[in-house]
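K.L.:
Model the structure of this input:
(2 chains)
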Amino acid sequence: MKWSKTFIFTLREAPNDAELVSHKLLARGGFIRKIAPGIFVYQDLALRVLRKIESVIRKEMNRYATEILMPMVQPKELWEETNRWSEVSELLKFKNRADQMFCLGGTHEEVVTDVVRSDVRSYRDLPKFLYQIQTKYRDEIRPRYGLMRAREFIMKDAYSFDTTQEEAFKSYDHMFEAYNNIFKKLGLDYRSVTADAGNIGGTKTQEFQVLAEAGEDQLLVAGDLAYNVEIAPLDYKGSASDEAPKAVEEFATPGLKTIEDLSVSLNLPKENLVKTLFLKDDDGKPLCVLLRGSDELNAVKLKNLMKLANPPQMMSDDEVRQLTGASPGSCGPQGLKVAIYMDHHLKGMNNFVVGANKDGFHMKNVCPNRDFKPTAIGDVRLAKEGDVAPNGEKYKAYKGIEVGHIFYLGTKYSEAMKASYLDKNGRSQWIEMGCYGIGVTRTLQAAIEQNHDENGIIWPQEIAPYHVHLCVLDPKDEGLMKFAEGIEMQLEEKGYDVLLDDRDERPGIKFKDADLLGFPIRLNIGKKGFEAGEIDLVVRKTKEQIKLRPQDSFDKIMGLLK
RNA sequence: CGGCGUGUGGCGCAGUCUGGCUAGCGCACUUGCUUGGGGUGCAAGAGGUCGCUGGUUCAAAUCCAGUCACGCCGACCA
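P.N.:
The predicted structure is shown next:
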């Protein structure tokens, strides 16, 4: 392909709304163009990469699943069957001129379940496995970081339909394997991590996270175990102390609000103090949580302990005052009529120091079961680097970009939408489902975030827009062009993508652009060198420069690409 | 939705506080010469209702009011 026939326009400077390196490089290289917040044009270079990522995905998916294409515009009625019309806040809703309501598909559980329930009748029709690669729209509150969190993006979503949970787990395991193959093939450094099921409603779930400093998700990894921080479990290994309960004592603590203040003033380690947090659930019902002073609350774990749909929210200072009669820094669990959740690291401890529910006062020797009754005790503290994981190893922290997610859904959607089949005994059963997503556009940017240097992108060969960049330094020279075109043709015949820079530009400009765009192999074809029987090959990744005889260049390139 | 900030050619910015010539600079673009293996140099050009609306004023990019958009932080989020 000749540069002059493409739609590639590079910029020397990145637009100032680009923060991440990967976003800057995408913008400078002319890969994408922003049309509105979170909405982009994928220009020719980006589209080439997307098609290649998709092709890797299709190859793996086709081993287990059938590709279909579902509508992006979906009727309200379908979403009301699962109650998600009002529950899912990112749905972009609109109506047609007959006042019928629709939404843009942000995910396709409803549509795919409708498809399956209307055709599948018998256990003989199962299992079925469907997938699509399609533009999704989610009305994100704040799109950010280019393609990382866009409103409109491309996603591969797959859905499995099985007769039993056992079969559904097999489908899940197939996807787990397929996803590993895909991300390996794409040349990405990633981890599969255990995550919270969120409101999609599954029970068994894993995320595929590309490791990158710019990632928005925090991961904790301990040997074979990898977790999203919001779910990373901490075992309870025995009591910190088993002192006998002493008599409760109130004491003045003027001006002491934080655990830090108390710890200094009482000369006690933070672990020995008890932190009382006040939250409310979705219905506004208040609750309180007790943690060691040194620990932070993990609201997702609390949500799961309480079996809620969403994590409880912190109450405002005013709400706390109304409930306890004191400001947040001076509150305790005793004497309150609210549910009390206690982190299991407090189990076995006695004689807590807590707020007295009176401004400027604390109490010591407050004991569970005597002075207040915990509603439930469990693992609700936020794990951090250095904490010990259930396997005995210490957690190490990473940041990740979530590029894939697999869920076992069970019968949540099939029950809600009445998707059933007749089993061997002629009895009606709910279909067992799973769903599996890969963010295609996000993967593109994640690949850049992980593969770049100070000069530009370094594409992994599998997804490079072009494999070879021919920099013709004197494009007006017919002999030179003929030579370059010959190489181009030979490589293209072998199935490789070649960009021939035929612009009438100075060499420096061509070299800078080549580094920016980052195709794996570059050939510098200049008049002087060519006439002297020598041209340069540059390997983008290693910056290695190889001097070649022109007649050897094709073979050399083929050798490097293989 | 809350806090902060920004809107000036395709991109990056100055000018606004303290109102005053034909609104400027760098990059990119056009033409000519020059240069020709890591963003050459010179010269001449094209391109802007200064986000929008209203107001104050002899005079508004600049002051005032309203409004819209965008960005960052937070909250939220497959």
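K.L.:
near RNA strand B, anything from stretch A:56-70?
P.N.:
No. Judged by Cβ under 7 Å from any atom of the strand, stretch A:56-70 stays clear of RNA strand B, getting no closer than 13.3 Å. Using the backbone N, CA and C atoms, a C-beta is placed for each residue, glycine as well.
K.L.:
Could you report the separation of the residue nearest to A:E67 when sequence neighbours are not counted from A:E207?
P.N.:
In this structure, A:E67 finds its nearest non-sequential neighbour in A:Y131, 5.8 Å apart by Cβ to Cβ, 6 or more residues apart in numbering. In this view, A:Y131 and A:E207 are 18 Å apart by Cβ to Cβ, to the nearest Å.
K.L.:
ok, now A:L409?
P.N.:
16 Å.
K.L.:
what's the answer for A:K128, then?
P.N.:
Counting by Cβ to Cβ, the gap from A:K128 to A:E207 is 25 Å.
K.L.:
which one of the two has more residues nearby?
P.N.:
A:E207 (25 against 18; other Cβ atoms under 10 Å).
K.L.:
need the contact list for the residue nearest to the more buried one when sequence neighbours are not counted.
P.N.:
In space, and not counting its chain neighbours, A:E207 is closest to A:A195: 4.4 Å by Cβ to Cβ, 6+ apart. Shown in contact with A:A195 (Cβ atoms under 8 Å, 6 or more residues apart in numbering): A:T205, A:Q206, A:E207, A:Y227, A:N228, A:E230, A:I231, A:H405.
K.L.:
If we use 7 Å, what do you get?
P.N.:
A:T205, A:Q206, A:E207, A:N228, A:I231 (Cβ atoms under 7 Å, 6 or more residues apart in numbering).
K.L.:
Which one (most neighbours) among these?
P.N.:
Going by other Cβ under 10 Å, A:E207 tops the contacts of A:A195 with 25 neighbours.
K.L.:
now for the helix or strand containing it, which elements pack on it?
P.N.:
If you go by DSSP states H and E, A:E207 is part of strand A:204-211. Counting contacts by 3 or more Cβ pairs under 7 Å, 6 or more residues apart in numbering; DSSP states H and E, strand A:204-211 packs against helix A:165-185, strand A:190-194, strand A:396-410.
K.L.:
Columns mean neighbour count and mean pLDDT on top of those, output as TSV?
P.N.:
Formatted as TSV, those follow (neighbours: other Cβ atoms under 10 Å; pLDDT from 0 to 100):
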stretch	mean neighbour count	mean pLDDT
helix A:165-185	18	96
strand A:190-194	20	93
strand A:396-410	22	92
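K.L.:
Out of the ones you listed, which is closest to RNA strand B?
P.N.:
Judged by Cβ to the nearest atom of the strand, the one of the helices and strands packed on strand A:204-211 that comes nearest to RNA strand B is strand A:396-410, at 4.6 Å.
K.L.:
Tell me what angle the closest one forms with strand A:204-211.
P.N.:
Put simply, strand A:396-410 runs at 140 degrees to strand A:204-211, going by axes from the mean of the first three to the mean of the last three Cα atoms, to 10 degrees.
K.L.:
What is the subsequent helix or strand relative to strand A:396-410?
P.N.:
helix A:412-416.
K.L.:
which outside residues touch that next one?
P.N.:
Residues contacting helix A:412-416 (Cβ under 7 Å, 6+ apart): A:E81, A:T82, A:E109, A:T113, A:G201, A:S420, A:W430, A:I431, A:M433.
K.L.:
okay, the closest residue to RNA strand B within the stretch 251-400 of chain A: pLDDT?
P.N.:
Nearest residue of the stretch 251-400 of chain A to RNA strand B: A:N310, at 5.0 Å (Cβ to the nearest atom of the strand). Looking at A:N310, its pLDDT reads 75.
K.L.:
Which helix or strand contains the residue lying closest to it once chain neighbours are set aside?
P.N.:
Residue nearest to A:N310 in three dimensions, not counting chain neighbours: A:D282, with 5.5 Å by Cβ to Cβ, 6+ apart. Per DSSP H and E, A:D282 falls between elements, in no helix or strand.
K.L.:
neighbours around A:D282, how many?
P.N.:
A:D282 has 12 neighbours, counted by other Cβ under 10 Å.
K.L.:
for A:H345, same thing?
P.N.:
A:H345 has 22 nearby residues by other Cβ under 10 Å.
K.L.:
So what sits opposite the nearest residue to it once chain neighbours are set aside in the bridge?
P.N.:
Once flanking residues are discounted, A:H345 sits nearest to A:R292: 5.5 Å by Cβ to Cβ, 6+ apart. Taking DSSP bridges as the rule, A:R292 bridges to A:V274.
K.L.:
Could you point out which of the contacts of helix A:412-416 is nearest to RNA strand B?
P.N.:
Using Cβ to the nearest atom of the strand, those come closest to RNA strand B at A:G201, 8.7 Å.
K.L.:
that older thread, from A:N351, how far out is the residue nearest to A:E207?
P.N.:
Taking Cβ to Cβ, one finds A:A195 at 38 Å from A:N351.
K.L.:
on that earlier part again, export the helices and strands packed on strand A:204-211 as JSON lines, with columns for distance to A:N272.
P.N.:
Formatted as JSON lines, the helices and strands packed on strand A:204-211 follow (distance: least, Cβ to Cβ, whole Å):
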{"stretch": "helix A:165-185", "distance to A:N272": "43"}
{"stretch": "strand A:190-194", "distance to A:N272": "32"}
{"stretch": "strand A:396-410", "distance to A:N272": "26"}
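K.L.:
I'd like those laid out as CSV, including distance to RNA strand B.
P.N.:
Output for the helices and strands packed on strand A:204-211, formatted as CSV (distance: least, Cβ to the nearest atom of the strand, whole Å):
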stretch, distance to RNA strand B
helix A:165-185, 12
strand A:190-194, 13
strand A:396-410, 5
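K.L.:
Tell me which of the ones you listed approaches A:I463 most closely.
P.N.:
helix A:165-185 (9.1 Å; Cβ to Cβ).
K.L.:
Show me what that closest one is packed against.
P.N.:
helix A:44-61, strand A:152-162, strand A:204-211, strand A:396-410, strand A:432-439.
K.L.:
Save those as a markdown table, and put in distance to A:S553 too.
P.N.:
Formatted as a markdown table, the helices and strands packed on helix A:165-185 follow (distance: least, Cβ to Cβ, whole Å):
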| stretch | distance to A:S553 |
| --- | --- |
| helix A:44-61 | 23 |
| strand A:152-162 | 36 |
| strand A:204-211 | 34 |
| strand A:396-410 | 36 |
| strand A:432-439 | 37 |
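K.L.:
Out of those, the one nearest A:I340 is which?
P.N.:
strand A:204-211 (29.4 Å).
K.L.:
CA-only coordinates of that closest one in PDB, if you can.
P.N.:
Extracted in PDB, the C-alpha atoms of strand A:204-211 (Å, rounded to 0.1, in the frame of the first residue of the first chain):
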ATOM      1  CA  LYS A 204     -18.300 -17.700  39.000                       C
ATOM      2  CA  THR A 205     -16.200 -15.100  37.200                       C
ATOM      3  CA  GLN A 206     -12.700 -14.100  36.200                       C
ATOM      4  CA  GLU A 207     -11.300 -11.000  34.600                       C
ATOM      5  CA  PHE A 208      -8.400 -10.900  32.100                       C
ATOM      6  CA  GLN A 209      -6.200  -8.000  33.000                       C
ATOM      7  CA  VAL A 210      -3.400  -6.600  30.900                       C
ATOM      8  CA  LEU A 211      -0.700  -5.400  33.300                       C
END
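K.L.:
That one vs strand A:190-194, what angle?
P.N.:
Using the same axes, to 10 degrees: strand A:204-211 against strand A:190-194 is 150 degrees.
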